[in-house]
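1. Here is my input, please return the structure:
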Amino acid sequence: MALYRIDDPGPLNRPAIVVALDGWVDAGGAATTAAALMAAGGRAVVTFEADRLFDYRARRPTLEIEDGRLAEMTWPAFEIRLARHPERDLLVRLADGVVEVARALGVVEWVSIGAIPAAVPHTRAVPILGTASEPGLLRGDIRPGPTGLLRVPAALVSVLEMRAAEAGIVAVGYFAQVPHYVSGPYAPAALALHRAVARHLEIALESGPLDEESVQLRSRLDSATSIDENTRGYVERLEAMVDEERLPAGDDLITEIEQFLRDQGTQRN
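-> Presented below is the predicted three-dimensional model:
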């Protein structure tokens, strides 16, 4: 059985592929939220054989029960959706085997997006770190980093980006930093990633509800942190670090990531 099926998309205009996968690294659901918005209204042009990719013990199907009747079963799916824009075409969301698909579709540029928990305050602009297959590819004020050697738990999205680069596809990655003390969806990071991709690809992308959701979340977080003196003091210390451009050292970032993973495991249990 073939790993994937391609439905002929027709001629493509300088296609770029945007990759976002849930789980690690997708703190606050920022990457997948941004990708879903980019893919909105697009049609599926590549469908992967889910039974060969999913471990259904970890990714269970969703069952809808209506008035005591088993109504609908939704199975996990992997697709690449085509969103056409006047400037160029976007192929959004995918899974393993994707490099082969990208080459078959003539993809000229690869953009990975993700989000990581970090010691940053919600009161400042969302920091974004970049990766690139060669110097000079990142656009805007995005910096590669952090500088020096950093060892972190690997993510599939990064594995795919490396394979794309090895296959000769120009590849970059944009990774938003999400305040580690925030739980649940984090719209500001999704908005920052959405804008980073639009700027990088030089296309106009509608941000949909993300602007308003970001404003509302900021207001709720401001109220929550103002109530507790210890939390307020901690946020103020993070603000000072950012204002003085004293970003966390590599060891500190790893500690935050490890704590995030432990918390995730506790929530699942």
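
2. Which parts of the protein are strands?
-> 4-6, 16-19, 43-48, 62-66, 69-74, 79-84, 89-92, 109-118, 128-132, 143-144, 170-179 (DSSP state E).

3. got the buried residues for the last one?
-> Using 16 or more other CB atoms under 10 Å as the burial criterion, the residues of strand 170-179 that qualify are 170, 171, 172, 173, 174, 175, 176, 177, 178, 179. Every residue, glycine included, has its C-beta placed from N, CA and C.

4. still on that earlier bit, hey, least reliable of the strands of the chain by pLDDT?
-> Lowest mean pLDDT within those: strand 143-144, a mean of 78.

5. Which secondary structure elements does it sit against?
-> When contacts are defined as 3 or more CB pairs under 8 Å, 6 or more residues apart in numbering; DSSP states H and E, strand 143-144 packs onto strand 128-132.

6. Extract the C-alpha set from the strand it packs on and format it as CSV.
-> The C-alpha trace of strand 128-132 is given here as CSV (Å, rounded to 0.1, in the frame of the first residue of the first chain):
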residue,chain,number,x,y,z
ILE,A,128,11.0,34.0,17.7
LEU,A,129,14.1,32.0,17.2
GLY,A,130,15.1,31.0,13.7
THR,A,131,16.9,28.1,12.0
ALA,A,132,18.2,28.1,8.4
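
7. tell me the angle it makes with strand 109-118.
-> Interaxial angle, strand 128-132 versus strand 109-118 (axes from the mean of the first three to the mean of the last three CA atoms, to 10 degrees): 140 degrees.

8. by contact count, what packs against strand 128-132?
-> Partner elements for strand 128-132 (3+ CB pairs under 8 Å, 6+ apart): strand 143-144, strand 170-179, helix 187-201.

9. Sweet, I'm off.
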